[in-house]
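Enquirer: Sequence and predicted model, in that order:
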Amino acid sequence: MDSKYYVTWEEYLAEHPELEGKPQQAIAPKIEKYEDAMFTFIMDLLL
Amino acid sequence: MTDAAARTNERNQIFRDLFSGKTPKRVPISNPATQDFAIQHAGLDLAECQWDLTKLEPVYDKFCQDFYTDTYPGGSIRIPSHYQILGSTPIVMSSSGFMQHPDVVGMLAEEYDQFIASPYDCIVETILPRLYTGFNGEPGKVAMTLAKAMRAQSDDLAYLGAIRGKMNAKYGFATMIGALTEAPFDFMADFLRSFKGISGDVRRYPDKVAAACEAVLPLMIKKGTLPNPSMLGYTFIPLHMAPYLRDKDFATLYWPTFKKLVETLASMGQNVQLFVEQDWMRYLDYLYELPENTIMRFEYGDAKVIKEKLGKKHIISGLYPVTLLQTGTKQQCVDKAKELLDILAPGGRYWWQADKSIIHLEASGPVVENLKAVLDYVHENGTY
């Protein structure tokens, strides 16, 4: 999805260099989970 | 193993068989009555119960005890708290406590190009602020309103989920999960262009309508994707606008992206349940083309023709007229259930559901007794 309001983990990581060397395997699912939760919430408002 | 756990296992197997095209042990049943109905059946105030969810556990307990069903009954996606916090205009609570969807216009005709360029950006920047007052104003205030609304919905869903868990543990329902999405054309119509708006767009700007459906398709796929595709999960897609379109508009504007949506979800191993609203008899040949074992819950139509044309490939459901529960005698209601069972059950691929959900309950009317009689009849006579 091409949108400034939805970022993939890769896009997020590129914008957050402070995560270099951090446990990304633990961070990524959490960041993605809330990105998707927001997407679902927004879309539910139109369903 | 408890009795309830054994019932869950039995029901899960019935649905696994149904969804994979095997003839199950018996015809599975879903109670068509909703949470609204359950609250009225318990004699409680509809508005108060939807705001104060702590009142709902005994409501569901009575509901589950009084009416036979193989799947958890009720449920609601229209919980009022977050709509109120966001200043909703497309979903509002009526004075009698029912959540209603007035016809709204979230997107203007001149905004098609903006939408086609980036549907999600257009939704966030233009459509939601038009439909929800909470998306307007100072950025900090909007952010806090959104945070409160999301938290409210999350709390409410968690509470309802806990009740569902308790009822499943007590009554042994099949453990099914679901996602919700829409056909791209219906999404463009429902909250964005309105029934009247899209009807005019089809004639004035068909190319833009087609492009908008293509643009929004990835969002509809994502919205309908289950976290873990499973034989006991399905994506629910209510279908709205097709019966109101000319055949050629259906073929060029509605069908292509709708078909891609269903095919994509099915290719991920997900079941898809269509709520085929209104009369789709002239589109049965199209429906036949969808992936095998697509679940089709029909509102209206000729059961014999539907079974004949679709019943060997797809799973048929619906068609039982809930209005009969209000107007008919108990015998007439049971006779109708028998008639549909005789037509639709042979060979499997039949799930008993009604033609629509039951929302309103007239306390002195016959619906409760008639519904009980029909559910019991199908349960007792639906064995293969």
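Expert: Good, I have the coordinates.
Enquirer: what's the neighbour count on A:Asp2?
Expert: Applying other CB atoms under 10 Å in any protein chain shown, we find 11 residues neighbouring A:Asp2. Heads up, the C-betas are built off the backbone N, CA and C, glycines and all.
Enquirer: try B:Ser199
Expert: 16.
Enquirer: Give me the local confidence score for it.
Expert: At B:Ser199, the pLDDT value in this model is 97.
Enquirer: For it, which three-state class applies?
Expert: What DSSP: H, G, I helix; E, B strand; the rest coil gives for B:Ser199 is helix.
Enquirer: pretty sure it contacts B:Tyr244?
Expert: Yes. Contact criterion CB atoms under 8 Å: B:Ser199 and B:Tyr244 qualify, at 7.1 Å.
Enquirer: isn't B:Gly134 right up against B:Gly87?
Expert: Yes. At 4.4 Å, B:Gly134 and B:Gly87 qualify as touching, with contact defined as CB under 8 Å.
Enquirer: Looking at these two, which one has more neighbours?
Expert: Just comparing B:Gly134 and B:Gly87: by other CB under 10 Å the higher neighbour count belongs to B:Gly134, 21 against 15.
Enquirer: With chain A as the reference, measure out to the more buried one.
Expert: Remark: distance between B:Gly134 and chain A (CB to the nearest CB, to the nearest Å) = 10 Å.
Enquirer: likewise B:Arg11?
Expert: For B:Arg11 relative to chain A (CB to the nearest CB), the value is 27 Å.
Enquirer: That residue - nearest residue in space that isn't next to it in sequence?
Expert: Closest residue to B:Arg11 apart from its sequence neighbours, by CB to CB, 6 or more residues apart in numbering or on different chains: B:Ala174 at 3.9 Å.
Enquirer: what's across from the one you found in the sheet?
Expert: For B:Ala174, the beta-bridge partners under DSSP bridges are B:Thr71.
Enquirer: What average pLDDT does the host helix or strand of A:Leu13 get?
Expert: Using DSSP states H and E, A:Leu13 sits in helix A:9-15. The pLDDT scores in helix A:9-15 average 95.
Enquirer: That one: what's the following helix or strand?
Expert: Heading C-terminal from helix A:9-15 (DSSP H and E), you reach helix A:24-44.
Enquirer: you'd agree B:Asp279 is up against B:Pro243?
Expert: Yes. If you go by CB under 8 Å, B:Asp279 and B:Pro243 touch, sitting 5.5 Å apart.
Enquirer: So for the two, which residue has more residues nearby?
Expert: For B:Asp279 and B:Pro243, the more surrounded residue by other CB under 10 Å is B:Pro243, and the numbers stand at 17 against 14.
Enquirer: sorry, back to before: the helix holding A:Leu13 and chain B, are they touching?
Expert: No. Helix A:9-15 does not reach chain B (CB under 8 Å from any CB of the partner chain); its nearest approach is 13.9 Å.
Enquirer: Just the buried positions in that helix, please.
Expert: Neighbour-count burial for helix A:9-15 flags A:Leu13 (criterion: 16 or more other CB atoms under 10 Å in any protein chain shown).
Enquirer: now stretch B:60-70
Expert: In stretch B:60-70, counting by 16+ other CB under 10 Å, buried: B:Tyr60, B:Asp61, B:Phe63, B:Cys64, B:Asp66, B:Phe67, B:Tyr68, B:Thr69, B:Asp70.
Enquirer: for stretch B:112-120, same thing?
Expert: Result for stretch B:112-120 [16+ other CB under 10 Å]: buried residues B:Tyr112, B:Gln114, B:Phe115, B:Ile116, B:Ser118, B:Pro119, B:Tyr120.
Enquirer: ok now that stretch, how far from the chain's centre?
Expert: Relative to its chain's centre, stretch B:112-120 lies at 27 Å (CA atoms, centre = their mean, to the nearest Å).
Enquirer: interface residues of chain A facing chain B?
Expert: So far as CB under 8 Å from any CB goes, chain A lies against chain B at A:1-6, A:37-47.
Enquirer: picking up where we left off before, contact partners of the helix holding A:Leu13?
Expert: A:Val7, A:Leu19, A:Gln24, A:Ala28, A:Ile31, A:Glu32, A:Glu35 (CB atoms under 8 Å, 6 or more residues apart in numbering or on different chains).
Enquirer: Share the number of residues neighbouring the residue in the stretch 151-300 of chain B positioned nearest to chain A, please.
Expert: Relative to chain A, the nearest point of the stretch 151-300 of chain B is B:Phe191 (4.4 Å; CB to the nearest CB). Close neighbours of B:Phe191, defined as other CB under 10 Å, add up to 26.
Enquirer: Just confirm it is within a strand.
Expert: No. Counting by three-state DSSP, B:Phe191 is not found in a strand; it is helix.
Enquirer: Now, of the contacts of helix A:9-15, which are buried?
Expert: A:Val7, A:Ala28, A:Ile31, A:Glu35.
Enquirer: Would you enumerate the residues in contact with the first one?
Expert: A:Val7 sits next to A:Glu15, A:Glu35 when contact means CB under 8 Å, 6+ apart.
Enquirer: The closest residue in space to B:Pro238 that isn't next to it in sequence: how many residues sit nearby?
Expert: Leaving out its chain neighbours, the residue that sits closest to B:Pro238 by CB to CB, 6+ apart is B:Phe275, at 4.2 Å. Residues near B:Phe275, counting by other CB under 10 Å, number 20.
Enquirer: Just flag the most distant two among the buried residues of stretch B:112-120.
Expert: By the measure CB to CB, B:Tyr112 and B:Tyr120 form the most distant pair in the buried residues of stretch B:112-120, at 15.3 Å.
Enquirer: Number of residues surrounding residue 42?
Expert: Looking at chain A here, since you left the chain open. The burial count for A:Ile42: 20, using other CB under 10 Å.
Enquirer: that's the other chain; I wanted chain B
Expert: 17.
Enquirer: Let me know the helix or strand that the spatially closest residue to it that is not a sequence neighbour is in.
Expert: Once flanking residues are discounted, B:Ala42 sits nearest to B:Val59: 4.4 Å by CB to CB, 6+ apart. According to DSSP H and E, B:Val59 maps onto helix B:56-66.
Enquirer: Give me the secondary structure label for B:Ala5.
Expert: helix.
Enquirer: pretty sure it contacts B:Tyr171?
Expert: No. With contacts counted by CB under 8 Å, B:Ala5 stays clear of B:Tyr171, the gap being 11.1 Å.
Enquirer: which one of these two has more residues nearby?
Expert: Neighbour comparison, B:Ala5 and B:Tyr171: the larger count goes to B:Tyr171, with 20 against 12 (by other CB under 10 Å).
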